[in-house]
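Engineer: Sequence and predicted structure, then a few things I'm wondering about:
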There are 2 protein chains.
Amino acid sequence: MAEQETDTTDTAPPVEEALEQARQKAAELEDNWRRTAAELDNFRKRVARESSRQRDTERALVTAGWLPVVDNLELALEHADGEDGAIVEGVRAVRDQALAVLAGLGYPRFDDEGKPFDPALHEAVGTTPRPEVPPGTIVHVVRPRYGDGERVLRPAAVVVAAKES
Amino acid sequence: MAEQETDTTDTAPPVEEALEQARQKAAELEDNWRRTAAELDNFRKRVARESSRQRDTERALVTAGWLPVVDNLELALEHADGEDGAIVEGVRAVRDQALAVLAGLGYPRFDDEGKPFDPALHEAVGTTPRPEVPPGTIVHVVRPRYGDGERVLRPAAVVVAAKES
């Protein structure tokens, strides 16, 4: 028995070494686990954020595809200035309905005439001398703007008052 | 020295117990890690799948909002049957443009007249006796269908030939 105990004593260092190794391995695995759990957590948060952004992007893309239709409705109405009758009334109603659809999707139409030029909302397609208003004032809207702030679907195309020279 | 070694021998069983515990703990942690990693992997795959589905859903929702505008363009054209002039031409062009936008978004328009009724594509709004065609044949399209297969944006509203009685 005594000899056996002495044997155990002789193997004690390897056991302690194994214990140290097992503890190290456990610490490593805990580290791996925590990192993977954090990755999962971050991924979940990112997905929640991007999912709403991706929806907004798709909504903007699809809606932008309809703007030429609305533009051409406007053009048809402009050209019909002389004409009259049920169809002009009808087309006017459809145009108003289209504007309501755009507003409902988060892109209301804005009339920017008289407002100061803002590169985030407006695209200058020309300047014109207009001494009676401050330089940079929008004096004519060639194409209206849809949407505001972060959700500008299409900036307005505008003519602005030139700087005095 | 010998006494000290005997002391070590006395504490040997707790070390082995601690080793067993450390190994158990490592096994548990490895299990946790593997499960979390599998969860992350599954989540990634699910997100990739759902992201494309969510885009399709948003696309369908936004596009469906424009269908009443297209319907009313059609109505305006129907009511203008007697009238003529630039505006009728213009509105016809806008209607064709709107149909092209719908097709571009993945929802082409289908004319189902003469086809057999299919509940996945058609909504029966009435039946009519029509002995010269097989029962269930679509004899009149009240409202056309947009989209096909998995991507039916709106089923057609149709009148079908009644069963012979």
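Structural biologist: Yep, that arrived. Predicted, not measured: the structure shown is a model, and the values here were computed from it.
Engineer: Could you tell me the per-residue confidence at the closest residue in space to A:P135 that isn't next to it in sequence?
Structural biologist: Closest residue in space to A:P135, ignoring its immediate chain neighbours: A:K163 at 4.3 Å, by C-beta to C-beta, 6 or more residues apart in numbering or on different chains. C-beta coordinates here come from the backbone N, C-alpha and C atoms, glycine included. If you check A:K163, the pLDDT there is 85.
Engineer: Could you pick out the longest helix of chain A?
Structural biologist: Of all the elements of type helix in chain A, the one with the most residues (DSSP state H) is helix A:2-64.
Engineer: just checking, what packs against the helix or strand of chain A with the lowest mean pLDDT?
Structural biologist: Across the helices and strands of chain A, the lowest-confidence element by mean pLDDT, DSSP states H and E is helix A:2-64, at a mean of 85. Helices and strands touching helix A:2-64, as assessed by 3 or more C-beta pairs under 8 Å, 6 or more residues apart in numbering or on different chains; DSSP states H and E, comprise helix B:2-79.
Engineer: How far does the helix it packs on sit from its chain's centre?
Structural biologist: Between the centre of helix B:2-79 and the centre of its chain there are 23 Å (C-alpha atoms, centre = their mean, to the nearest Å).
Engineer: quick one: that helix to helix A:67-79, angle?
Structural biologist: Angle of helix B:2-79 versus helix A:67-79, following axes from the mean of the first three to the mean of the last three C-alpha atoms, to 10 degrees, is 30 degrees.
Engineer: Determine the next helix or strand in the C-terminal direction from helix B:2-79.
Structural biologist: The helix or strand immediately downstream of helix B:2-79 is helix B:86-104, counting by DSSP states H and E.
Engineer: If you count neighbours, what's buried in that next one?
Structural biologist: Of the residues in helix B:86-104, B:I87, B:V88, B:G90, B:V91, B:V94, B:R95, B:Q97, B:A98, B:L99, B:V101, B:L102 count as buried by neighbour count, 16 or more other C-beta atoms under 10 Å in any protein chain shown.
Engineer: Go back to these and keep what's next to chain A.
Structural biologist: Cross-checking the buried residues of helix B:86-104 against chain A (C-beta under 8 Å from any C-beta of the partner chain) gives B:I87, B:V88, B:G90, B:V91, B:V94, B:Q97, B:A98, B:V101 as the overlapping residues.
Engineer: give me the number of residues near the closest residue to A:K25 other than its chain neighbours?
Structural biologist: Once its chain neighbours are removed from consideration, A:K25 has its nearest residue in B:A26; the separation is 4.8 Å (C-beta to C-beta, 6+ apart). Other residues within reach of B:A26 by the criterion other C-beta atoms under 10 Å in any protein chain shown amount to 20.
Engineer: Quick check: the gap between B:A26 and B:P144.
Structural biologist: Look at B:A26 and B:P144: by C-beta to C-beta, to the nearest Å, they are 66 Å apart.
Engineer: now do A:R34
Structural biologist: 58 Å.
Engineer: what about these two, which has more around it?
Structural biologist: For the pair A:R34 and B:P144, the greater number of neighbours falls to B:P144 (19 against 14), based on other C-beta under 10 Å.
Engineer: Name the nearest residue to that one, ignoring sequence neighbours.
Structural biologist: Excluding the flanking residues, the one nearest B:P144 by C-beta to C-beta, 6+ apart is B:R109, at 5.3 Å.
Engineer: Go ahead and confirm the one you found touches B:L99.
Structural biologist: Yes. The pair B:R109 and B:L99 qualifies as a contact (C-beta atoms under 8 Å) at a distance of 5.6 Å.
Engineer: quick revisit: for the residue nearest to B:P144, list the residues it contacts.
Structural biologist: Contacts of B:R109 were listed using C-beta atoms under 8 Å, 6 or more residues apart in numbering or on different chains, and they are B:L99, B:L102, B:A103, B:P144, B:R145, B:Y146.
Engineer: Quick check, the first one in contact with B:L73.
Structural biologist: Okay, so that is B:L99. No. Here B:L99 lies out of contact with B:L73, judged by C-beta under 8 Å, at a distance of 9.5 Å.
Engineer: buried ones in stretch A:65-79?
Structural biologist: Residues of stretch A:65-79 classed as buried: A:G65, A:W66, A:L67, A:V69, A:V70, A:N72, A:L73, A:E74, A:A76, A:L77 (neighbour count, 16+ other C-beta under 10 Å).
Engineer: Also near chain B: which of the residues you listed, exactly?
Structural biologist: Near chain B, by the rule C-beta under 8 Å from any C-beta, you find A:G65, A:W66, A:V69, A:N72, A:L73, A:A76, A:L77 out of the buried residues of stretch A:65-79.
Engineer: what does stretch A:75-91 rub up against?
Structural biologist: A:73, A:92, A:95, B:72-73, B:75-77, B:79-80, B:83, B:85-88, B:90-91, B:93-94.
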